[in-house]
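J.: fold the following for me, if possible:
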Amino acid sequence: MPRKSRFQRLLAPLLLRNNDVCIENRFLLLRPLRHAFCALVFDIVGIAGVFRPRWFVFPIFALPPVLQLMNIDGVGTKYSDEPARGMPEDLLSEQLCADIEASVLPFFRSVTTFDKLYAYALHGDLQIWQREALHFRLELAMGNFDAARMLMRWHSKRWFSDETPAEHANERQLCALLDANDHTGIGHCLREIEAAVVAAYKVERLWEPSPFPFEPEYKDWARKSGIKVE
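T.: The predicted model follows:
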């Protein structure tokens, strides 16, 4: 049996107390993965025995290849497992798990509704409006097609430029679907992006393909999944 990593050992009590979180790859994740990727990682700060837990939340269809990790109160603290600091591992684990349960998990659980994920992505720490391609995807996912058309008018010239053929392949496909008013196709395309992302992060077994708010089956799916929809 493979030896557990330090990450797994320190967070073991957290997993026992919270059945909606798990460790997969290098992430502590809220599961199942629907449209939100809520994760925590250990950031090694360059000092022997010292690490800093960092968390991030992204819409899966907007998750970039290079993560921009956010701090949060109570978990932005540096922790040390250095023996000279005199903190036994069981106490370190207890403090770390308590901080995550108090500060991080409540927020993760608050973005399970798409409208809250949308608000956080647009107006919270992500400031996704500064990344026009990701903002375009977000407005489409929310069903804000007029806003998406405005973004398409402003930015599609660059997305269709020969200089960035691979970088904006998804945007070009989504633009064509939006021009055709093919809302079904937009939903399928966004889920294909999600599928590629979870495969790249090696967390596909936790992903639950889900409808978007503009799709007819969304409200019924949300009700069956225990998600409150306004």
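J.: state which helix of the chain is the longest.
T.: What stands out as the longest helix in the chain, according to DSSP state H, is helix 183-200.
J.: can you give me the buried ones in that helix?
T.: By 16 or more other CB atoms under 10 Å, the buried positions in helix 183-200 come out as His183, Ile186, Gly187, Cys189, Leu190, Arg191, Ile193, Glu194, Val197, Val198. Yep, even glycine has a C-beta here, placed from its N, CA and C like the rest.
J.: then stretch 203-217?
T.: Quick answer for stretch 203-217 (16+ other CB under 10 Å): Val203, Leu206, Trp207, Ser210, Pro211, Phe212, Pro213, Phe214, Glu215.
J.: gap between that stretch and the chain center?
T.: 13 Å (CA atoms, centre = their mean, to the nearest Å).
J.: mind checking the end-to-end distance for that stretch?
T.: Taking CA to CA, to the nearest Å, the first and last residues of stretch 203-217 lie 25 Å apart.
J.: from the buried residues of stretch 203-217, which is closest to Met152?
T.: The nearest member of these to Met152, counting by CB to CB, is Phe214 at 16.2 Å.
J.: doesn't the closest one lie inside a helix?
T.: No. Assessed with DSSP: H, G, I helix; E, B strand; the rest coil, Phe214 is coil; it does not lie in a helix.
J.: still on that earlier bit, who touches the longest helix of the chain?
T.: 33, 35, 37, 60-61, 63, 65, 137, 140-141, 143, 145, 170, 173-174, 177-178, 204, 206-207, 209, 211-212, 214-215 (CB atoms under 8 Å, 6 or more residues apart in numbering).
J.: shaky segments in this protein?
T.: Filtered on pLDDT under 70, the chain yields the residue ranges 1-3, 44-49, 65-87, 162, 164-165, 230.
J.: domains of it?
T.: Using the TED database, the domain parsing of the chain gives 3-110, 114-225.
J.: how far is the shortest one from where the chain is centred?
T.: Centroid displacement of domain 3-110 relative to its chain, using CA atoms, centre = their mean, is 14 Å.
J.: for stretch 23-36, which positions count as buried?
T.: Ile23, Glu24, Phe27, Leu28, Leu29, Leu30, Arg31, Leu33, Arg34, His35, Ala36.
J.: SS state for Cys38?
T.: strand.
J.: how many residues are close by Met150?
T.: 13 (other CB atoms under 10 Å).
J.: one more: the one 5 residues further on?
T.: Residues contacting His155 under the criterion other CB under 10 Å number 17.
J.: A strand includes it, no?
T.: No. Read with three-state DSSP, His155 is helix and lies in no strand.
J.: surely it and Glu139 touch.
T.: No. Applying CB atoms under 8 Å, one finds His155 not in contact with Glu139, separated by 11.9 Å.
J.: need the contact list for the residue most central in space within the chain.
T.: Nearest to the mean C-alpha position of the chain, counting by CA atoms, centre = their mean, stands Phe37 at 2.3 Å. Applying CB under 8 Å, 6+ apart, we find Phe37 in contact with Leu29, Phe56, Val57, Phe58, Pro59, Ile60, Leu63, Val197, Tyr201.
J.: please identify the buried residues of the helix or strand harbouring the third one?
T.: Right, the one you point to is Val57. Assigned by DSSP states H and E, Val57 belongs to strand 50-59. By neighbour count with 16+ other CB under 10 Å, strand 50-59 contains the buried residues Phe51, Arg52, Pro53, Arg54, Trp55, Phe56, Val57, Phe58, Pro59.
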